[in-house]
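Colleague: whatever this is, show me its structure:
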Amino acid sequence: MRKLTCLLLFCAIVLPARSLDRQSSQDYRARRVALASKTGGDAIVMFAATESEGPNDLFGFKQNENFFYLTGWSEPGAALLIAPAVPAREGKPARAYEEILFLPAHNLSQEKWTGPKLGPENPRARALSGVDRVEVLDRMREELVRLLPAPRATVYSDLAQAGETSPATEPLAWLARSNAFPNTSFVDVKPQLAQMRMIKDAGEIERMRHAADASVAAHLAALRALKPGITEREISALMQYEFEKRGCERPAYAPIVGAGFNSTVLHYSEDSGTVQAGDLVLMDVAGEYAMYASDITRTAPANGKFTARQRELYDIVLQAQQAAMDAFQSGKYVINPRGTGNSLYKIAYDYINTHGHDLQGQPLGKYFIHGLSHYIGLEVHDAGDNNALLDKGMVFSLEPGIYIPEENIGIRIEDDVWVDPTGKLVLLSTGLPRTAEEVEKAMKKD
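Modeller: Numbers count the residues shown, from 1 in each chain. Have a look, this model is predicted:
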């Protein structure tokens, strides 16, 4: 036991925090300061996920997205306290801005199972985190009592919706029971964070490019491997191998590989079918890098060549996507999936509905059964306001589709796009075939 204790303490001193590709500490501090400016001087208390939360047994521990956004800290069980600067008023002295990262004390028994953690006693903890002060989690109650105004206070935190829980649920309840708060009102901080997260900085775009590039490579490998007789699961496994080989930690969402009729099922998840000659195969698969998601879909013919009908419908979907891209103007359109005049969805829907028919001669609009876009970032369906005008710094998907079960044809073309600092729409998922000719060329076997 003594050897184990010494080893764990040694590792805790020399090992850095979990090795995600972290942005500069200045980036995270700028976000904390910006968030503090949105609370009217009230404190912010945030909690990391714990090792008992999330799909740990499947993909390992994953940090809470909002906590990571503010800290870049990827280890479990931490907490963050931000006390905004407050001017002197009503006889009370001014208070300078303060921020404290609280790290849990070592649990040597748990670390034997899940690996050594960086503790608050580590002299490198402050430099690695970039937070002004690092304290042991046990001191959080003491610091709250010191910083929160008496007899009343307002605290912003990641509050759960009714019937749900968040990383803050149990810690806030414990702090309340331990008399850490005066007469306190709690306010959900997620709306402020969602507004901030809509606009990506340069470091975020760099990591999203990495996720997209790795996912593009996975799709190219899938196109080369696709043929009758291969299983959907083989394609899914190949794609995951390819993007994880390029640094992605995990899939950004449950992979979807559907052949034939399965291509018409939007959230098909079994990936258990075998690709048949003549099938279209829809592949909605992408990786996550440094917590940032990619979201890419391609549809390809199992035989390497589209039939005339498949090609007709594929071209309609592609041109609907292109129509939305061509129409885009920064600050003019919204992401609202069922918007009207200023919605990119309407442009894509109208194109699909006026450029083809089903076998009964009916317009195709009724087969475009989902929205065109969603924000992408730390979550594949990222936080944000669907009624906000799409503007500089935003990243979102463009994913028109047609799904006709009676023809066993499902087609979706999905790319990730970014509005750059000049207002130009930039394709992040670049290098991947989009046209039918490009898809067929990528599938040719040498």
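
Colleague: now the helix or strand where Glu143 lies: buried residues?
Modeller: Under DSSP states H and E, the secondary-structure element containing Glu143 is helix 140-147. For helix 140-147, the neighbour count (16 or more other Cβ atoms under 10 Å) marks Met140, Glu143, Leu144, Leu147 as buried. C-beta coordinates here come from the backbone N, C-alpha and C atoms, glycine included.

Colleague: OK, contacts around the first one?
Modeller: In other words, Met140. Applying Cβ atoms under 8 Å, 6 or more residues apart in numbering to Met140 gives the contacts Ala79, Leu81, Phe102, Leu175, Ala180.

Colleague: flag the shaky bits of the chain, pLDDT-wise.
Modeller: Counting by pLDDT under 70, the chain contains low-confidence ranges at 1-18, 53-58, 337, 339-340, 446.

Colleague: mind checking the longest helix of it?
Modeller: Longest helix in the chain, counting residues (DSSP state H): helix 202-225.

Colleague: tell me what that one is packed against?
Modeller: Contacts of helix 202-225 with other secondary structure elements, assessed using 3 or more Cβ pairs under 8 Å, 6 or more residues apart in numbering; DSSP states H and E, are made with helix 232-245, strand 287-289, strand 292-293, strand 297-301, strand 415-419, helix 436-443.

Colleague: can you state the direction angle for it and helix 232-245?
Modeller: Between the axes of helix 202-225 and helix 232-245, defined by axes from the mean of the first three to the mean of the last three Cα atoms, to 10 degrees, the angle is 140 degrees.

Colleague: domains for this protein, by residue range?
Modeller: Domain segmentation of the chain under automatic domain parsing yields 2-197, 202-443.

Colleague: could I get the phi/psi values of the residue of the chain most remote from its centre?
Modeller: Most distant from the centre of the chain: Gly91, at 45.5 Å, with distances by Cα atoms, centre = their mean. Here the main-chain torsion angles of Gly91 (degrees, to the nearest 10) amount to phi 80, psi 0.

Colleague: on that earlier part again, please point out which parts of the longest helix of the chain sit buried.
Modeller: The neighbour-count criterion (16+ other Cβ under 10 Å) identifies 203-205, 207-223 as the buried residues of helix 202-225.

Colleague: and Val155, what does it touch?
Modeller: Per Cβ under 8 Å, 6+ apart, neighbours of Val155: Asp42, Ala43, Ile44, Val45, Leu148, Phe181, Thr184, Ser185, Phe186, Val187.

Colleague: cross the residues you listed against strands and list the overlap.
Modeller: Taking DSSP state E as the definition of strands, the contacts of Val155 contribute Ala43, Ile44, Val45, Thr184, Ser185, Phe186, Val187.

Colleague: circling back: mind listing which of the contacts of Met140 are in strands?
Modeller: Residues of the contacts of Met140 located in strands (DSSP E): Ala79, Leu81, Phe102.
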